[in-house]
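Enquirer: Mind folding the following:
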Amino acid sequence: MGQALLADRLRRRGVDAVVSSAGLVLSGKPASDHAVSVLADRGIDHRSHRSRVMDAGILESADLVLAMTREHLREAAVLNPSTFDRTFTLKELVRRGESAGARAPDQPLSEWLAKVGAGRDRAEMLGRSADDDVADPYGMEREDYERTCAEIEDFIDRLVDLAWPESTS
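Expert: Numbering: from 1, shown residues only. Model (predicted):
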């Protein structure tokens with residue numbers, strides 16, 4: 001759901017970006033019926049989505065890696081340690097971004113991410129934390145998907161406002 005929401009928000013903002021997703025265990029699986037349904041309620045067609053497993057190459061080519069949980073972030077850091085500076089949980093990046101301030105016009109994303117991540121310690125990502133993890137509703141009821149989608153949507157909207165602010169021309 002995060003990938004679909006981010007792609008939608010960036011498209012609406014006029015940002016030319018490739019947004020993709022990868023997980024830890026499933027490859028080639030379609031999005032769940034509930035995920036498709038709650039995204040459809042938001043005008044997003046997610047029926048063609050197929051899962052894929054994260055690997056070092058996917059991470060290397062990414063300008064930004066967003067994880068839904070600390071577990072996903074740790075796995076990314078193990079697969080490709082050089083990407084840690086541009087790998088954050090969604091909640092962590094929004095929290096740090098709101099503290100550091102929005103990306104300036106013409107500021108490279110990598111420079112903003114370095115500012116946001118300044119002083120960050122890999123050990124902070126140990127354990128599970130409600131501060132950083134988005135609950136995975138997989139296999140649960142539609143209401144659980146709706147709740148998770150609303151949470152992701154809120155954080156994605158805040159992230160887009162921080163990292164890709166609307167031009168004030």
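
Enquirer: Give me the most central residue, this structure.
Expert: For the chain, the residue lying nearest the average C-alpha position, counting by CA atoms, centre = their mean, turns out to be residue 66 (3.5 Å).

Enquirer: and it, what are its phi and psi?
Expert: Geometry field for residue 66 lists phi and psi as phi -110, psi 130, criterion degrees, to the nearest 10.

Enquirer: Contacts only, for the residue lying closest to it once chain neighbours are set aside.
Expert: Taking CB to CB, 6 or more residues apart in numbering, and ignoring the residues beside it in sequence, residue 66 has residue 90 as its nearest neighbour in space, at 5.0 Å. The way it works is simple: take the backbone N, C-alpha and C, and place the C-beta from them, glycine included. Each residue near residue 90 by CB atoms under 8 Å, 6 or more residues apart in numbering is listed here: 2, 66-68, 134, 152, 155-156, 159.

Enquirer: when you check those residues against the strands, which ones overlap?
Expert: Filtering those for membership in strands, criterion DSSP state E, returns 66-67.

Enquirer: wait, which of the contacts of residue 90 is closest to residue 59?
Expert: Top of the list for closeness to residue 59, among the contacts of residue 90 and by CB to CB, is residue 67 at 10.7 Å.

Enquirer: What confidence value was assigned to the closest residue to that closest one other than its chain neighbours?
Expert: The spatial neighbour of residue 67 that comes closest, neighbours along the chain excluded (CB to CB, 6+ apart), is residue 73 at 4.0 Å. Per-residue confidence (pLDDT) for residue 73: 93.

Enquirer: Next one: residue 73 from residue 125, what distance?
Expert: Taken as CB to CB, to the nearest Å, the spacing of residue 73 relative to residue 125 amounts to 5 Å.

Enquirer: And for residue 119?
Expert: In this structure, residue 119 and residue 125 are 14 Å apart, going by CB to CB.

Enquirer: do residue 48 as well
Expert: Remark: distance between residue 48 and residue 125 (CB to CB) = 32 Å.

Enquirer: Neighbour count for the two, which is higher?
Expert: The residue with the greater number of neighbours, taking residue 48 and residue 125 and applying other CB atoms under 10 Å, is residue 125; the counts read 21 against 8.

Enquirer: Show me where this structure has its strands.
Expert: Along the chain, the segments classed as strands by DSSP E run 65-67, 87-89.

Enquirer: From the contact counts, what lies against the first one?
Expert: It refers to strand 65-67. Using 3 or more CB pairs under 8 Å, 6 or more residues apart in numbering; DSSP states H and E as the contact criterion, the neighbours of strand 65-67 among helices and strands are helix 70-79, strand 87-89, helix 90-100.
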